[in-house]
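Visitor: Okay, sequence plus prediction incoming.
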Amino acid sequence: MMNHTKEHSLYVDPLVDEVRNVRKAISETFDHDVDKLCDYLQHIEQQHQERVVMEQMEGDQQGRSEGGI
């Protein structure tokens, strides 16, 4: 199995490093507990319901154009 650490990488991508750093910071904020993160996200969803996009169920034509898309 290959070890994909930064030290062994031939190419360093600053964008990938930034994403990893943000992911690490978020994880640390919630004590590396996915349940705490999910609880927080659900709380934010409740506060900003106007921003939540709901997936339409198959056969539900509401909001679709006549073109079928």
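Guide: That came in fine, so what should we check first?

Visitor: When you work out contacts or count neighbours from here on, use the C-alpha atoms and nothing else.
Guide: Will do.

Visitor: now this protein, which segments are flagged as low pLDDT?
Guide: 1-9, 60-69 (pLDDT under 70).

Visitor: Give me the residues contacting the lengthiest helix in it.
Guide: With DSSP state H setting the assignment, residue counts place helix 14-29 as the longest helix in the chain. Where contact means C-alpha atoms under 8 Å, 6 or more residues apart in numbering, the residues beyond helix 14-29 that reach it are 33, 34.

Visitor: swap the cut-off to 7 Å and go again
Guide: Outside helix 14-29, not one residue touches it by C-alpha atoms under 7 Å, 6 or more residues apart in numbering.

Visitor: Could you point out the helix or strand that follows that helix?
Guide: Beyond helix 14-29 on the C-terminal side, the first helix or strand identified by DSSP states H and E is helix 34-47.

Visitor: okay, that next one in CSV with CA atoms only?
Guide: Included here for helix 34-47 are C-alpha records, laid out as CSV according to Å, rounded to 0.1, in the frame of the first residue of the first chain:
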residue,chain,number,x,y,z
VAL,A,34,-19.0,13.8,12.9
ASP,A,35,-22.2,13.8,15.0
LYS,A,36,-21.3,17.2,16.4
LEU,A,37,-20.7,18.5,12.8
CYS,A,38,-24.0,17.1,11.6
ASP,A,39,-25.9,18.6,14.5
TYR,A,40,-24.3,22.0,13.7
LEU,A,41,-25.2,21.7,10.0
GLN,A,42,-28.8,20.8,10.8
HIS,A,43,-29.0,23.8,13.1
ILE,A,44,-27.8,26.1,10.4
GLU,A,45,-30.3,24.4,7.9
GLN,A,46,-33.1,25.3,10.3
GLN,A,47,-32.0,28.9,10.6
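
Visitor: tell me which residues of it are tucked away?
Guide: If you call a residue buried by 16 or more other C-alpha atoms under 10 Å, then helix 34-47 has these buried ones: residue 37.

Visitor: helices or strands next to that helix in the packing?
Guide: When contacts are defined as 3 or more C-alpha pairs under 7 Å, 6 or more residues apart in numbering; DSSP states H and E, helix 34-47 sits against none of the other helices and strands.

Visitor: what distance separates that helix from the middle of the whole chain?
Guide: Here the centre of helix 34-47 is set off from its chain's centre by 12 Å, with C-alpha atoms, centre = their mean, to the nearest Å.

Visitor: Before I go, just wanted to say thanks for your time.
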